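**Q** Predicted model follows, preceded by the sequence.
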Amino acid sequence: MRGMDEERIMARGLRPPGPLLLVRKRLDAAFGRRLRVIVSSEEAVRDLLAFFEEMGVPTETDRAGDDYHVIADLSGRKKGD
């Protein structure tokens, strides 16, 4: 079950840069929480990891079946960071 401290973005089936565009659109709502982005391609994972690395945000990845989960820890960040 998803915790209240986690924002989830379902970006399955979207080709890059689609998942990244969704993340940018919903980023403000996720600050102060964990953000889990579910994608279906390794290319999307690489794009997201590069984006979060540039922001200095700790991330982890996981695979569940055909899906990839990119989890970014925004819990220590506030809007404007």
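**A** Thanks, I have the structure now. Numbering: from 1, shown residues only.
**Q** give the contact list for the nearest residue to residue 30 once chain neighbours are set aside.
**A** Spatial nearest neighbour of residue 30, excluding adjacent residues (C-beta to C-beta, 6 or more residues apart in numbering): residue 7 at 4.1 Å. C-betas here are computed from N, CA, C, even on glycine. Residue 7 makes contact with 26, 29-30, 33-36, according to C-beta atoms under 8 Å, 6 or more residues apart in numbering.
**Q** in the chain, which spans are strands?
**A** 6-10, 34-39, 59-64, 67-73 (DSSP state E).
**Q** quick one, which of these is packed in tightest?
**A** For the strands of the chain, the largest average neighbour count (mean count of other C-beta atoms under 10 Å) is found in strand 34-39, namely a mean of 22.
**Q** quick one, what contacts residue 53?
**A** Taking C-beta under 8 Å, 6+ apart, we find residue 53 in contact with residue 59.
**Q** any idea how far residue 10 is from it?
**A** 22 Å (C-beta to C-beta, to the nearest Å).
**Q** beta partners for the residue nearest the centre of the chain?
**A** Nearest residue to the geometric centre of the chain (C-alpha atoms, centre = their mean): residue 37, 3.8 Å. The partner list for residue 37 in beta bridges (DSSP bridges) reads residue 9, residue 70.
**Q** surely it meets residue 62?
**A** No: Residue 37 is not in contact with residue 62 according to C-beta atoms under 8 Å; the separation is 11.2 Å.
**Q** Identify the contacts common to those two.
**A** By C-beta under 8 Å, 6+ apart, the residues touching both residue 37 and residue 62 are 69, 71.
**Q** what sits against the closest residue to residue 6 other than its chain neighbours?
**A** Nearest residue to residue 6 in three dimensions, chain neighbours excluded: residue 34, at 4.5 Å (C-beta to C-beta, 6+ apart). Counting by C-beta under 8 Å, 6+ apart, residue 34 touches 3, 5-7, 71-75.
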